[in-house]
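> model the structure of this input:
(chains A and B)
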2 protein chains.
Amino acid sequence: MELYERTPPIPPEEYVRIDAEKLKEYVCKVIEAFNVPEHDARIVADVLVTADLFGIESHGVQRLGRYVRGLKSGSIKAKPQIKVVRDSPACALIDGDSGLGQVVCMKAVQIAIEKAEKCGVGVVGVRNSNHFGIAGYYALKISSRKMIGIVLTNSRPLACYTHTIGRNIGTNPIAISIPTKEPPPYLFDAATSVVPIGKIEVLVKEGRKAPLGWGVDEHGELTEDPKIILERGAVLPLGGLGEVLGGHKGSGLSISIDILCGVLTGANWGLNVGLAVEGRRANVGHFIVAINIESFMEFDQFTDRMEEFRSYIKSLPKHPKAERIWIPGEKAWLTMQTRLKIGIPIHKAIIEELKAIGSEVGLEFELEKMKK
Amino acid sequence: MELYERTPPIPPEEYVRIDAEKLKEYVCKVIEAFNVPEHDARIVADVLVTADLFGIESHGVQRLGRYVRGLKSGSIKAKPQIKVVRDSPACALIDGDSGLGQVVCMKAVQIAIEKAEKCGVGVVGVRNSNHFGIAGYYALKISSRKMIGIVLTNSRPLACYTHTIGRNIGTNPIAISIPTKEPPPYLFDAATSVVPIGKIEVLVKEGRKAPLGWGVDEHGELTEDPKIILERGAVLPLGGLGEVLGGHKGSGLSISIDILCGVLTGANWGLNVGLAVEGRRANVGHFIVAINIESFMEFDQFTDRMEEFRSYIKSLPKHPKAERIWIPGEKAWLTMQTRLKIGIPIHKAIIEELKAIGSEVGLEFELEKMKK
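Here you go, the predicted model:
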C-alpha cells in the first residue's frame, strides 16, 4: 500500500504515532467523565479522531480541551434534551439544547436519512448547537446510506466580507459526499474562505509567511504576516480581496450558508456565532440535506456513472507542475488508510495536553500502550 | 431614484435604449415563428430580457440567435414532450425531451414548488434539457413563492480542473434566492469559475488585457491575453490556479454541481455537455431545490430576521477603497429598476442581428417604436 499523508508530521521527532482505536477510547472516557452518556461520548471521540485520521489536525483531538471547557462551564450541556420543534414530511427543525455539536448533528443526520427514505429527500435545520468538528464526517454518514449528503454549518466570524474590514463572516464550510462503487467515497469539504484559520495558526507557530491573498490586516490590506492576520486581521473569502478574482462569490457563499444555518433555523448568525467557552450559549446552526439516489436513478447505475466520471477526471492531461490529479476526498481517505496502519502522529505538546485533561478526571494516558 | 447600471453602455453612442416590454414582445414573436407555443416563447423571452435588465448581457437577447439556430437544426425541439420519469413525494426526475432549457426548467420549478408546499422541500432533477439562460431567474421564481430557491446547471466545459490543462469542466453556476420583506430579494448567482466566459469575450472585443488569474493558456500557464484564453486556453475555477488560493475548492464545487446535474439525472457531464447548435442533443442537466420557509419558521419572522441580517452586512465598516457594500442580488435589481425606467441599452451590432433574425420570418424590428 502507498503510504500517503496530506499533513506529514514535521519534524517527525516531535510527534508520537498513536493507535487510532486506543486514542478514540481514551477521548471517549475523558468525555464520559464529564457526565456525557457513553453513546454520545463515542460519537464525539469518533468525529475528533476521524479528523486526525483525515489529516485535518486543526479539528482533531487537539480540540478536546475546548469541548471539555465548554462542558465544565455549562455552556455545553452533557445531557441535552434534543427536540424536534417543527416537522413536515421531508423537513424538520431541531433544537439542540446546547448539546455537543457532534451529538446534535448526528441526531439531525438520522432524521434527514429517515425522511429521505420516505420522501426522496430529507432536510433538517438545527439551532442551539455547538461546534461540530469536520462537516465531512456527517456528509459521509449520509453517503454510506446510498444517499448524497450535504452538510453546512455556520461558524465564528473569522473572515472578512467583500468591501468591508474586520472579522465579520464565518468560514462557513460546505461538505458534499457522494457514494461510489469503490472507495474512496467522493467528499468535497471546504471552508468558504481561502483557508481555514487553522492554517494561519500553523504558520504563526512555524514562523513562516502566509501566501499573499490568504488574509488582510486591520485596515483591510493584504498582508503576508500570519500573526497580523490572526491577531487583528481576518482571512479572506474564497476568491480573495475585492471582486476582481471573485471574492464576492466566496463572500456570497459564506453568507448564503449563514442564512440557511442561522437565519432560517433561529440560531445565531454573523458576529453572534460564538464559542461555547465564553460561558454563554454558542447557538451554532447547521443545515443537513440527504438526497436518496434511488429517487433519481437505480443505485448501481448511478455508481457506475460515478466511476466513469472519476475516470474522466483522473485521465485529464496533468499540469506539468502538478504531482497528481486529485478527486475531492481522496487525500483524506489515503491519509486515513496510512494512519490506520502506522498510527496517528500526535505532537508531543498535544500529548501533554491530553494527559493533563485526563488526569483531572483520574484517567491515565498510557502512551506506551497506545503506540502502533 | 438612483440610476445605477452594473454594466453601463460604453461608449453610449454605440447603444440604443430599448423598452423592455417591447423587446420581450419582439423576442417572443421571433421564437413563436419557429413553432414554439406562445406560452413557451413568452417564458424564453422573459428569461432573456430579464438577463439584459439585470445587466447580464452575455445571457440576454444577444443569445437569441443561438436558440434560433438550435430550433432550426432540430437539436432544440419546439414542441417537446416533457415527462416526469421518476416521482417520489418530495423528488422528481424530468426528461426535457430536448426542449428549450427555459421551458423545461420552468416546468421543473413548478413541480419543485408543488412538492415543497406538501412536503417542506421539493427537489427536481432534469435531463435532456438545453442552455437555460441565467440560473438566478428560476431561483427568483421560487423565492417569490415564500420559499428558498436553489438552482444548479451544468454547462459547456470552459474551465480547467485543478492540476490539469485544457477546458474540461463547466463554469457550472449556482443560484440561491431568498425572500425578503422589502425588495430586492436576496439573489446569489455565480459561476463556479473566477469569471464566466462572457467576460473574456468582452475583453477580446475591447482589446483589453485580462487580470492575471482569470485564465490560462494551452499549457496551463497564467496569461493576461484574453484571446489566448478564449481560443486555446481556459478560464480558471474560483480560487485560481493550483491549490494555494483555493482553486481546488472552485474545481470541487464545479464538479459537485456536474454530479448533481449530470451524473445523477442521466444528462451529459464533463466534456459531453454540449451546445445544441452542433446538430445533436445537448442533454444539459439541471438541479432545482425549493425549500418551504414555513417548514422551519413563520414566514414573517424569517423575513424580519433577513432584514436584520441585511442591516448587519450593510452596516459593517466599509473598506476605504470600496465604493459600497453590496448584498448578492442588489446590483442586478438596481440595474433592472434603472433599465425599466430608461430602457435597455442594446449595442447597434446586436440590433442588426436581431433585425436579421426577425426578417427571416417576416418580422419587422421597428426600432423607432421601441425606444423608451
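
> for chain A, what helix or strand is lowest in average pLDDT?
With mean pLDDT, DSSP states H and E as the measure, the helix or strand of chain A carrying the lowest mean pLDDT is helix A:367-370 (a mean of 68).

> enumerate the residues of the stretch 1-150 of chain A near chain B.
By C-beta under 8 Å from any C-beta of the partner chain, the residues of the stretch 1-150 of chain A that approach chain B are A:86, A:88-91, A:93, A:118-121, A:123, A:125, A:148. Using the backbone N, CA and C atoms, a C-beta is placed for each residue, glycine as well.

> now, those that are in helices?
Helix and strand membership here follows DSSP state H; of the residues of the stretch 1-150 of chain A next to chain B, those in helices are A:118-119.

> and the residues of the stretch 1-150 of chain A next to chain B, which are buried?
Neighbour-count burial (16 or more other C-beta atoms under 10 Å in any protein chain shown) applied to the residues of the stretch 1-150 of chain A next to chain B gives A:86, A:88-91, A:93, A:119-121, A:123, A:125, A:148.

> which residues are contacting stretch A:295-304?
With C-beta atoms under 8 Å, 6 or more residues apart in numbering or on different chains as the test, stretch A:295-304 has contacts from A:120-121, A:146, A:179-181, A:293, A:305, B:86, B:88, B:91, B:93, B:123, B:125, B:263-266.

> change it to 10 Å
A:116, A:119-121, A:146-148, A:178-182, A:292-294, A:305, B:85-93, B:123-125, B:127, B:259-260, B:263-266, B:287 (C-beta atoms under 10 Å, 6 or more residues apart in numbering or on different chains).

> buried set for it?
Those buried within stretch A:295-304 under the rule 16+ other C-beta under 10 Å are A:295-297, A:302-303.

> let's have those in a markdown table, adding pLDDT and secondary structure.
Converted to a markdown table, the buried residues of stretch A:295-304 look like this (pLDDT from 0 to 100; DSSP: H, G, I helix; E, B strand; the rest coil):
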| residue | pLDDT | secondary structure |
| --- | --- | --- |
| A:295 | 98 | helix |
| A:296 | 98 | coil |
| A:297 | 97 | coil |
| A:302 | 98 | helix |
| A:303 | 98 | helix |
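
> now, which of those residues sits nearest residue B:59?
If you rank the buried residues of stretch A:295-304 by distance to residue B:59 using C-beta to C-beta, residue A:296 comes first, at 27.2 Å.

> how much space separates that closest one from residue A:182?
Distance from residue A:296 to residue A:182, counting by C-beta to C-beta, to the nearest Å: 21 Å.

> could I get the buried residue list for the helix or strand where residue A:84 lies?
Element membership of residue A:84 [criterion: DSSP states H and E] is strand A:83-87. Applying a neighbour-count criterion of 16+ other C-beta under 10 Å, one finds residue A:86 buried in strand A:83-87.

> where are the low-confidence patches of chain A?
Per-residue confidence for chain A (pLDDT under 70) gives these ranges: A:1, A:274-279, A:368-369, A:372.

> so what touches stretch A:335-344?
Contact partners of stretch A:335-344, identified using C-beta under 10 Å, 6+ apart, comprise A:1-9, A:15-24, A:49-57, A:60-61, A:183-184, A:345, A:370-372.

> select only the buried ones of the residues you listed in PyMOL?
In PyMOL, this line selects whichever of these come out buried by 16+ other C-beta under 10 Å:
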select buried, chain A and resi 4+5+9+15+16+18+19+20+22+23+24+49+50+51+52+53+54+55+56+57+60+61+184+345+370
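
> inside helices: which ones of the contacts of stretch A:335-344?
Those of these lying in helices (DSSP H): A:20-24, A:49-54, A:370.

> if we only consider the residues you listed, which is nearest to chain B?
Distance to chain B across the ones in helices among the contacts of stretch A:335-344 (C-beta to the nearest C-beta) is lowest for residue A:54, with 15.3 Å.

> the closest one - nearest residue in space that isn't next to it in sequence?
Computed as C-beta to C-beta, 6 or more residues apart in numbering or on different chains, the closest residue to residue A:54 that is not its neighbour in sequence is residue A:332, at 3.8 Å.

> I'd say the one you found and residue A:50 touch.
Yes. The pair residue A:332 and residue A:50 passes the contact test of C-beta atoms under 10 Å, sitting 9.0 Å apart.

> overlap of the contact sets of these two?
In the contact map built from C-beta under 10 Å, 6+ apart, the residues linked to both residue A:332 and residue A:50 are A:56, A:134, A:136, A:140.

> which one of these sits closest to chain B?
Distance to chain B across the shared contacts of residue A:332 and residue A:50 (C-beta to the nearest C-beta) is lowest for residue A:136, with 11.7 Å.

> number of nearby residues for the closest one?
Neighbouring residues of residue A:136 were enumerated by other C-beta atoms under 10 Å in any protein chain shown; the total is 29.

> could you say which helix or strand contains it?
Under DSSP H and E, the secondary-structure element containing residue A:136 is helix A:135-143.

> by contact count, what packs against that helix?
Helix A:135-143 sits against helix A:38-54, helix A:101-119, strand A:147-153, strand A:174-178, strand A:186-190, strand A:284-292, helix A:330-342, with contacts defined as 3 or more C-beta pairs under 10 Å, 6 or more residues apart in numbering or on different chains; DSSP states H and E.

> figure out which of the ones you listed is closest to residue A:242.
Judged by C-beta to C-beta, the one of the helices and strands packed on helix A:135-143 that comes nearest to residue A:242 is strand A:186-190, at 21.0 Å.

> does any bit of the closest one sit next to chain B?
Yes. Strand A:186-190 reaches chain B (C-beta under 10 Å from any C-beta of the partner chain) through A:186-190.

> switch those residues over to JSON lines; also include distance to residue A:230.
Converted to JSON lines, the residues of strand A:186-190 next to chain B look like this (distance: C-beta to C-beta, whole Å):
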{"residue": "A:186", "distance to residue A:230": "33"}
{"residue": "A:187", "distance to residue A:230": "28"}
{"residue": "A:188", "distance to residue A:230": "27"}
{"residue": "A:189", "distance to residue A:230": "23"}
{"residue": "A:190", "distance to residue A:230": "20"}
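
> what's the closest of those residues to residue B:358?
Proximity of those to residue B:358 was ranked by C-beta to C-beta; the top entry is residue A:188 with 45.6 Å.

> dump the residue contacts of the nearest residue to residue A:131 once chain neighbours are set aside.
With C-beta to C-beta, 6+ apart as the measure, residue A:101 is the residue that lies nearest to residue A:131, at 5.1 Å, once sequence neighbours are left out. The neighbours of residue A:101, taking C-beta under 10 Å, 6+ apart as the test, are A:44, A:47, A:67, A:70, A:76, A:126, A:129-133, A:153, A:276, A:282, A:284, A:286.

> and with 7 Å instead?
Applying C-beta atoms under 7 Å, 6 or more residues apart in numbering or on different chains, one finds that residue A:101 lies in contact with A:129-133, A:284.

> from the residues you listed, pick the one nearest chain B.
Distance ranking of the contacts of residue A:101 against chain B, using C-beta to the nearest C-beta, places residue A:129 first at 14.7 Å.

> from residue A:189, how far off is the nearest residue to that closest one once chain neighbours are set aside?
Taking C-beta to C-beta, 6+ apart as the measure, residue A:129 lies nearest to residue A:96, with 3.9 Å between them; neighbours along the chain are not counted. If you measure residue A:96 against residue A:189 using C-beta to C-beta, the figure is 21 Å.

> quick revisit: let's have the residues of strand A:186-190 next to chain B in CSV, adding neighbour count.
What follows is the residues of strand A:186-190 next to chain B, written out as CSV (neighbours: other C-beta atoms under 10 Å in any protein chain shown):
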residue, neighbour count
A:186, 26
A:187, 27
A:188, 25
A:189, 24
A:190, 24
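
> spatially nearest residue to residue A:218 (excluding sequence neighbours)?
Distance criterion C-beta to C-beta, 6+ apart; nearest residue to residue A:218, sequence neighbours excluded, is residue A:232 at 4.4 Å.
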